[in-house]
Structures are given as C-alpha cells and as structure tokens.
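Asker: quick one: sequence and predicted model below, then my questions.
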Amino acid sequence: MTDLILDLILRWRDDPAGTYQSWFLWDERIKNFRSIRRGLQQVVAEIAESTFGVAYRGSSLETVVHSIAEQRQIFKGADHAFLWKPKLRIPDIYENPANQKAFGLLLDTCLCCNTEEHVVSAIHAIDARKIKGLGPAVANLLYFLHPTIMPPFNTAIVKGYNALTGSKVKLGRWEEYLAMRQGILKLNATYRSLLSNDLGAIGGLLFDVGSGRYTAPPLNDDETARKLWEADLHQVREQSAKEARILAAERETDHTHTEIQGWLRDLGLSLGYDVWIAANDRGRPWQDGKLGDGCLSMLPGFTTETQGAESVRLIDVLWLGRESHRIVAAFEVEHSTTIYSGIVRMLDLALGSEAQALEGLFLVAPDKREADVREQLRRPAFSRIADLKVRYLPYGALEKDRKAIERFGQGMKPIQAISHLLIPA
C-alpha cells in the first residue's frame with residue numbers, strides 16, 4: 001500500500017493541472033497569506049468594536065473569505081459556510097452578539113499564538129459553545145494563519161482522506177476534523193520528502209483524490225484491483241498531458257505576469273527612476289537575464305521594524321526617486337487572480353508609518369478586467385481606496401505606448417496619461 005501511495009504522489013506532483021503545480025507552487029499563493037492575515041485582523045477589530053454588523057454580505061469577513069475562495073479550485077465554494085441562511089438562522093455569528101464575540105476570540109487567539117496547543121485549545125473552546133452552523137469550514141481561515149498546523153478543509157478533502165485511509169470521517173463536526181488532522185499529520189510525516197511542512201500540499205493531494213481527479217489506491221492486497229487502479233492512473237496521466245498542451249497554448253496568447261513586470265522595470269529605468277522588483281520575483285528569468293537585473297537589492301527606508309515592510313517588499317514593481325530614495329509609484333500586476341492581495345499591499349504602503357513621495361498607485365491588469373476591479377473596490381473593506389487615487393493601467397495601453405514613453409517620456413505624466421482613476425461608484 002505504501003508503494004502505491006508513493007506512486008500516486010509522484011504522478012500527482014508531475015500533473016500540470018493538479019493542485020500541486022496549479023495551486024501549491026503558485027507564486028501568488030504565498031503573497032496572499034499576508035493579505036488574508038491582515039483581513040482577519042480587521043474582522044477581529046470590528047467584532048471587538050461592535051461594528052462588524054449583522055450580515056455576511058458587505059462585511060470584512062466576506063472580503064477575506066472571497067479572496068480565499070478565489071485561490072484556485074481547491075477553495076472554490078469556501079464562502080458557502082459563511083453565507084447567512086435566514087431560514088436556518090446559521091451560521092449564528094451575525095445576530096447573536098455573544099457568538100460573534102466568541103468567533104472573534106477564536107480568530108484573535110489564532111492570530112496571536114504560534115503553537116499547536118494554543119490553536120487546538122482555541123478550537124475546543126469554540127466547539128464547546130456549539131454555535132449553529134459554525135463548523136470546521138473555519139479551518140480554511142486558520143490554515144492561512146498556521147499552514148504547518150492546520151490543514152485546509154472541505155467536502156472533497158474529507159472524501160479524499162477517507163478513500164486514501166479507509167477512515168469514515170464525517171463533515172460538520174470539529175472533533176471529526178481534529179481526528180482527521182491527526183491522521184493527515186501522520187500521513188504527511190511519512191511522505192514529507194515529497195510533500196511539504198505546509199499542509200496545503202497534502203490537502204491538495206486529498207482534494208484531487210476526493211474530487212475524482214485521482215482514484216485512491218486499493219486498500220487491500222488485491223492484484224486485480226491494483227491493475228485497475230494503475231490503469232486509472234495512466235488515464236489521468238494521458239489527460240494531464242493533454243491539459244498541459246492546452247495550458248501552454250493559452251500562455252502563448254497571453255502576457256505573463258513576469259513579462260508585465262519586465263515592461264514596467266524597463267520603463268521605470270528609462271524614465272530615470274530606481275526600480276524595486278518584488279522580493280520573491282527578482283530571480284525569475286527575463287529576457288537574457290533575471291527580472292531583478294539593474295534593480296535595487298535593498299528597499300531604502302524599509303527595515304524589519306518598519307510597519308508593513310514585509311508586505312511592501314512584495315509589491316510587484318516600485319519606482320523610486322534616485323536622489324530622494326523615496327517611492328514615487330507602485331504597480332500591482334493582477335494577471336489572472338483576485339486583486340485583494342495587491343490592494344492590501346498598496347494600503348500598507350500608502351497608509352504606513354514611512355512617509356513616501358507617492359505620485360501614483362497603479363493596478364495593472366488585462367483590459368477586460370476593469371469591471372472586476374471596480375466590483376472589488378466597492379467592498380466596505382476598501383473604503384479608503386478612494387482617498388488614495390488608485391489608477392487602472394490596462395495591458396493594452398502599456399503594450400501600445402511603452403516604447404514611445406521610454407524614448408520621449410519624462411516623469412510620471414506619460415504613465416498617468418495612459419491610465420485612469422478608479423473611483424468606486
């Protein structure tokens with residue numbers, strides 16, 4: 001059985017459309033951890049100040065959960081558990097102030113602590129209240145706070161765990177989730193060299209098994225069953241090869257995130273600015289070198305003690321004055337993902353303690369995504385965005401005019417001319 005699971009993991013890791021390559025190794029996944037933590041801190045603060053409200057729609061919680069739900073297929077539907085169901089009066093954290101405070105305490109405890117004992121103890125405390133409709137789906141929030149302690153949770157993951165281990169874990173109960181968590185930790189320890197300390201990896205494997213992409217190996221030593229399973233695995237591999245070709249074709253017709261960063265890098269340097277590339281992107285191949293070539297290796301004024309420094313260092317591209325060493329413009333490239341994470345990083349920059357000389361905050365995205373961006377900016381959590389005068393810079397305008405701006409442009413006026421203000425309606 002161990003050899004079969006090993007074979008399954010090896011095949012799964014090589015699958016371009018499986019969760020390991022399409023989500024777990026996705027660069028934006030790591031960036032979103034900081035943004036989601038920031039969003040949950042806001043939820044806790046609003047509950048503590050009794051300003052959270054009595055509805056999910058439009059709340060700070062909806063903003064955070066929505067950003068999680070957009071984290072590729074594995075978290076699709078993550079918001080269902082938090083939607084207010086009026087006929088059932090669940091989840092009972094909107095109309096019951098005591099339950100809302102208990103929910104806030106759970107999040108606050110998990111935001112502040114960093115040990116398994118504290119997290120599990122906080123779960124036992126919320127479970128003891130028996131809040132209607134507030135079950136282990138909350139673990140998806142806790143995963144983004146403690147990815148090495150809390151595995152993600154949904155129906156497919158439970159199905160995958162049961163199929164792979166022969167267990168009979170049921171949905172909806174914290175005690176069942178905690179028992180499954182112990183099993184996941186043991187399974188992960190056995191195959192850690194192929195998985196990760198981050199439980200998102202094994203969570204993705206279980207999701208792909210539970211959602212039917214992969215069949216679990218037979219639990220008994222039946223040669224016929226084993227051959228049928230191997231045939232299923234081979235079929236998935238053939239399907240994965242076909243999907244890989246489709247993905248490659250799509251990439252050829254679209255600009256990559258790195259390409260847009262490269263355009264902005266070259267444009268900033270040609271206009272006489274120093275350029276900072278996101279800390280986790282500097283080593284990416286670009287043209288005949290790396291994306292960070294010719295750019296700053298240190299971000300002036302942002303030490304480990306500076307408020308929001310970690311977040312600011314992850315902004316896709318920053319332009320700085322060469323004499324002032326102050327940030328003049330910030331660019332977040334939203335290629336095909338939620339804009340939540342990028343907006344939070346811009347807020348950390350614009351509202352942080354380190355004074356800057358900002359002349360522009362830009363969301364750079366495909367021309368067709370402007371409606372999506374405006375929809376996001378209507379959320380109450382982004383009410384301060386209007387004061388920051390964030391601008392929308394479409395790919396098409398950047399591609400069309402960047403060479404002319406490089407040759408003839410001066411200062412920020414040309415880039416402002418091809419972008420426009422995003423003012424929430």
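Answerer: Thanks, I have the structure now.

Asker: could you use CA atoms for every contact and neighbour count after this?
Answerer: Noted.

Asker: point out where this protein drops to low pLDDT.
Answerer: 1-2, 221-255, 304-308, 335-338, 353-357, 380-381, 383-386, 423-425 (pLDDT under 70).

Asker: and if we set it to 50?
Answerer: The chain contains residues with pLDDT under 50 at 1, 229, 250, 252-254, 424-425.

Asker: which residues touch stretch 321-338?
Answerer: Defining contact as CA atoms under 8 Å, 6 or more residues apart in numbering, one finds that stretch 321-338 is touched by 67, 70-71, 256-257, 260-261, 272-274, 300, 315-320, 342-343, 346, 356-366.

Asker: so which bits of it are buried?
Answerer: Buried residues in stretch 321-338, counted by 16 or more other CA atoms under 10 Å: 325-335, 338.

Asker: cool, stretch 148-162 as well?
Answerer: So stretch 148-162, judged by 16+ other CA under 10 Å, has buried residues 149-154, 156-162.

Asker: how about those in CSV, adding distance to residue 214 and secondary structure?
Answerer: What follows is the buried residues of stretch 148-162, written out as CSV (distance: CA to CA, whole Å; DSSP: H, G, I helix; E, B strand; the rest coil):
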residue, distance to residue 214, secondary structure
149, 25, coil
150, 23, coil
151, 20, coil
152, 19, coil
153, 18, coil
154, 17, coil
156, 12, helix
157, 12, helix
158, 14, helix
159, 12, helix
160, 9, helix
161, 12, helix
162, 14, helix
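
Asker: let me have those in TSV, extended by distance to residue 291.
Answerer: Below are the buried residues of stretch 148-162 laid out as TSV (distance: CA to CA, whole Å):
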residue	distance to residue 291
149	34
150	34
151	34
152	33
153	36
154	37
156	38
157	37
158	41
159	42
160	39
161	40
162	44
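
Asker: ok, how many other residues are close to residue 22?
Answerer: 16 (other CA atoms under 10 Å).

Asker: what's the answer for residue 110, then?
Answerer: So residue 110, with other CA under 10 Å, has 22 neighbours.

Asker: residue 122 is in contact with that one, correct?
Answerer: Yes - contact criterion CA atoms under 8 Å: residue 110 and residue 122 qualify, at 7.4 Å.

Asker: can you name the residues that contact residue 265?
Answerer: Going by CA under 8 Å, 6+ apart, residue 265 touches 275, 277, 295, 317.

Asker: before we move on, what about residue 118?
Answerer: 109-110.

Asker: work out for me the element it sits within.
Answerer: Using DSSP states H and E, residue 118 sits within helix 116-128.

Asker: buried residues in whatever helix or strand comes next after that helix?
Answerer: Sequence order places helix 139-143 as the next helix or strand after helix 116-128, per DSSP H and E. For helix 139-143, the neighbour count (16+ other CA under 10 Å) marks 139-143 as buried.

Asker: for those residues, which one is nearest residue 291?
Answerer: Checking these against residue 291 with CA to CA, the nearest one is residue 143 at 31.1 Å.

Asker: how much space separates the closest one from residue 111?
Answerer: Separation of residue 143 from residue 111 (CA to CA, to the nearest Å) stands at 11 Å.

Asker: do residue 346 as well
Answerer: 22 Å.

Asker: over to residue 40?
Answerer: The gap separating residue 40 from residue 111 is 8 Å, by CA to CA.

Asker: kind regards, and thank you for your time.
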